[in-house]
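In: Sequence first, predicted coordinates after that:
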Amino acid sequence: MLLPTVIVLASGRGERFAASGGAVHKLQAVLGHKRVLQHTLDAVIASGLPWHLERSGLAGMGDSIACAVHCSAQAAGWLILPGDLPLVQSATLRAVADALREHEVVVPVYQGRRGHPVGFSARCALQLQQLKGDQGAASVVRRYAAFELALNDLGCVTDIDTLGDLQAAERWLGARA
């Protein structure tokens, strides 16, 4: 059985993080004993799903998604995961992938908040490959009336955009340990 491919987006400029006082790119910031991006990749690897790290440096999120979907065009679908979600659980990735068997688009939801990774079935390939600019895949989510998958994973809605976000994630990791 073919599995969807997790696309980890790691091309953003991280301007809000720098503006908040970050001395390095947010994906390279240390959280616990690892860099933010490594936490995200560890969850992806633990999920057992195939994955693609998108680091092409294209101008917008839409361009990056289009490029990554094109590079993995034979996949059974895609889970779009920004690299700045270091607390996401591997079980969340598997749950979204499983829900794609019955739905065209799947959005994880934690306590009423939509999160990531957003899952897209193979039927969405053409629309994803045509994305451009900074808007990401919101237009595809709207087109297919996304299924909202309620999950108990704070990590699916916890991204690192500022130093304050990094500090909050550090406290959460400490409390979890």
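Out: Done, it's in.
In: Any regions of this structure where pLDDT drops low?
Out: Across the chain, residues meeting the criterion (pLDDT under 70) sit at 1, 177.
In: could you redo the last one with a cut-off of 90?
Out: Across the chain, the stretches falling below the confidence threshold (pLDDT under 90) are 1-2, 11-19, 21-23, 25, 56-61, 63, 70-75, 133-136, 145, 172-177.
In: can you pull out the helices in it?
Out: Along the chain, the segments classed as helices by DSSP state H run 15-19, 36-47, 61-71, 90-99, 125-129, 138-143, 163-176.
In: buried set for the second one?
Out: Residues of helix 36-47 classed as buried under the neighbour-count rule (16 or more other Cβ atoms under 10 Å) are V36, L37, Q38, H39, T40, L41, A43, V44, S47. Placement of C-beta: from N, CA and C, glycine included.
In: Render the CA-only coordinates of it in CSV, please.
Out: Below are the C-alpha coordinates for helix 36-47, written out as CSV (Å, rounded to 0.1, in the frame of the first residue of the first chain):
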residue,chain,number,x,y,z
VAL,A,36,14.0,23.0,16.2
LEU,A,37,14.1,21.4,12.8
GLN,A,38,15.6,18.2,14.2
HIS,A,39,12.7,17.8,16.6
THR,A,40,10.3,18.1,13.7
LEU,A,41,12.3,15.6,11.6
ASP,A,42,12.5,13.2,14.5
ALA,A,43,8.7,13.1,14.7
VAL,A,44,8.5,12.6,10.9
ILE,A,45,11.0,9.7,11.0
ALA,A,46,9.3,8.1,13.9
SER,A,47,6.0,8.2,12.0
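In: If I take it and helix 90-99, what angle do their directions form?
Out: Relative orientation of helix 36-47 versus helix 90-99 (axes from the mean of the first three to the mean of the last three Cα atoms, to 10 degrees): 50 degrees.
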